[in-house]
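Trainee: sequence plus predicted model, see below.
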Amino acid sequence: MAGTNPRSVRIAGLIQRVVATALEKDIHDPRLRGVTITEVRVTNDMQQARIFWTIYGQEGREDGQKKRAAQALRQAQGHLRTMVGRKAGLRLTPQLFFVFDALQGQAAEVDDVLVIARKRDEELAKLRENAQYAGEADPYKHKDEAVDEDGGMDISFDDDDWDDDDDDFDMTIIIDDDSDDVESADEPETEPEAE
């Protein structure tokens, strides 16, 4: 919450404590059983407070319990605002807005995904235990393996590796000191006569 007023953060914490205590001790509505206040955000001008809540309901009945709890919170909104005004000692008590916090449901979905990923990791670990290399275990050559009995490196070349055909292309350039002409290898070269 970059740029928030420190006073509004302090008031948000106070509102969270007051509303949570009131839901637990003062308001005896069975529809609010299991409601938890997760966060409160107050605007910088302290005119509005958004109260995020969630409910831990029975399996398969979450939607119905959520609707009933939202209706009970709307009905108790005035009473809760009065209690916040008394405890906070503010000139203007913020208007309360209740927002369902879906973070708990998303966290459960993330937990399910993590459980599936953990099972896949365990299956891969079992497959790795019995796995074998497709080739050699270590395909790289090491220095100690490349040394022959004489202590020198065992380097051998085949005759096929070298191209001894120098007739294909010769790029020899001959520069004559007497003239500025440059002879290239493409022109026939005259060999000096032996005496």
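Mentor: Sure thing, it's come through. Residues are numbered from 1 along each chain as shown.

Trainee: so where do the strands sit in the chain?
Mentor: 35-42, 48-55, 95-100, 173-175, 182-184 (DSSP state E).

Trainee: could you export those strands as JSON lines, including mean pLDDT, mean neighbour count and distance to M83?
Mentor: C-betas here are computed from N, CA, C, even on glycine. Below are the strands of the chain laid out as JSON lines (pLDDT from 0 to 100; neighbours: other Cβ atoms under 10 Å; distance: least, Cβ to Cβ, whole Å):
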{"stretch": "strand 35-42", "mean pLDDT": "91", "mean neighbour count": "19", "distance to M83": "13"}
{"stretch": "strand 48-55", "mean pLDDT": "92", "mean neighbour count": "19", "distance to M83": "13"}
{"stretch": "strand 95-100", "mean pLDDT": "93", "mean neighbour count": "16", "distance to M83": "10"}
{"stretch": "strand 173-175", "mean pLDDT": "67", "mean neighbour count": "9", "distance to M83": "101"}
{"stretch": "strand 182-184", "mean pLDDT": "51", "mean neighbour count": "12", "distance to M83": "103"}
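
Trainee: closest one to A131 among these?
Mentor: Smallest distance to A131 across those (Cβ to Cβ): 45.2 Å, for strand 48-55.

Trainee: off-centre distance for the closest one?
Mentor: With Cα atoms, centre = their mean, to the nearest Å as the basis, strand 48-55 stands 29 Å off its chain's centre.

Trainee: show me what that strand is packed against.
Mentor: Packing partners of strand 48-55 (3 or more Cβ pairs under 8 Å, 6 or more residues apart in numbering; DSSP states H and E): helix 6-21, strand 35-42, helix 62-75, strand 95-100.

Trainee: ok, residues contacting the first one?
Mentor: What that stands for is helix 6-21. For helix 6-21, contacts defined as Cβ atoms under 8 Å, 6 or more residues apart in numbering pick out 1, 36-37, 39-44, 46, 49, 51, 80, 83-84, 87-88, 90, 94, 96.
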